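K.L.:
how does the following fold in three dimensions:
(one chain, ligands or ions: 1)
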Amino acid sequence: MSDVENTETLTCGVCRKTGSFTAPVSVILVFAPGMAKPYPLIPAEDYRVCGACDAIFTLVNRAVEAHPTTRSAGPWTRAIVVFSDGHGVDVKAKRQGQQVAMA
Ligand SMILES: [Zn+2]
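P.N.:
Okay, here's the model as predicted:
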């Protein structure tokens, strides 16, 4: 009876907004020129991302940097982030004018 919903009070470290977080990330499919096939990265713990800003790029960058396979494959060009609620976000890496398409 004492379950506290901590996840409802997450604050984005980038834009400081609350309440715009996605469901936990299930898998991040990383596309990079150095890999023949997209590489699936699975977060070790629940990771929610702010949907109100570019925080998802930080998520992908961190995930790619954290894994030797994707790190050595060179800069990622695209990532598909799939959440535990079944939604997915297709993220295209652009050096400027970055866009996030919600699917
Ligand atoms: Zn944010």
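
K.L.:
ok, the nearest residue to residue 51 once chain neighbours are set aside to residue 49 distance?
P.N.:
Excluding its sequence neighbours, the residue lying closest to residue 51 (CB to CB, 6 or more residues apart in numbering) is residue 20, at 4.8 Å. Every C-beta, even on glycine, is put in place using the N, C-alpha and C of the backbone. Distance, residue 20 to residue 49, using CB to CB, to the nearest Å: 9 Å.

K.L.:
neighbour count winner among these two?
P.N.:
A side-by-side neighbour count of residue 20 and residue 49, using other CB atoms under 10 Å, places residue 49 first with 24 against 15.

K.L.:
from what I see, that one and residue 25 are in contact.
P.N.:
Yes - using CB atoms under 8 Å, residue 49 is in contact with residue 25, at 6.7 Å.

K.L.:
shared neighbours of those two, which are they?
P.N.:
Common contacts of residue 49 and residue 25 (CB atoms under 8 Å, 6 or more residues apart in numbering): 59, 81.

K.L.:
and the residue nearest to residue 51, what does it touch?
P.N.:
Contacts for residue 20 (CB under 8 Å, 6+ apart) come out as 12, 50, 51, 52.

K.L.:
what about 10 Å?
P.N.:
Listed by CB atoms under 10 Å, 6 or more residues apart in numbering, the contact set of residue 20 reads 10, 12, 48, 49, 50, 51, 52, 53, 55.

K.L.:
try residue 24
P.N.:
7, 43, 45, 46, 47, 48, 49, 83, 84, 85.

K.L.:
tell me the confidence at the fourth one?
P.N.:
Looking at residue 46, its pLDDT is 88.

K.L.:
that one - that's part of a strand, no?
P.N.:
No - under DSSP: H, G, I helix; E, B strand; the rest coil, residue 46 sits outside any strand and is assigned coil.

K.L.:
could we number from 27 for the rest of this?
P.N.:
That works, and once the first residue is 27, the last one we named lands at residue 72.
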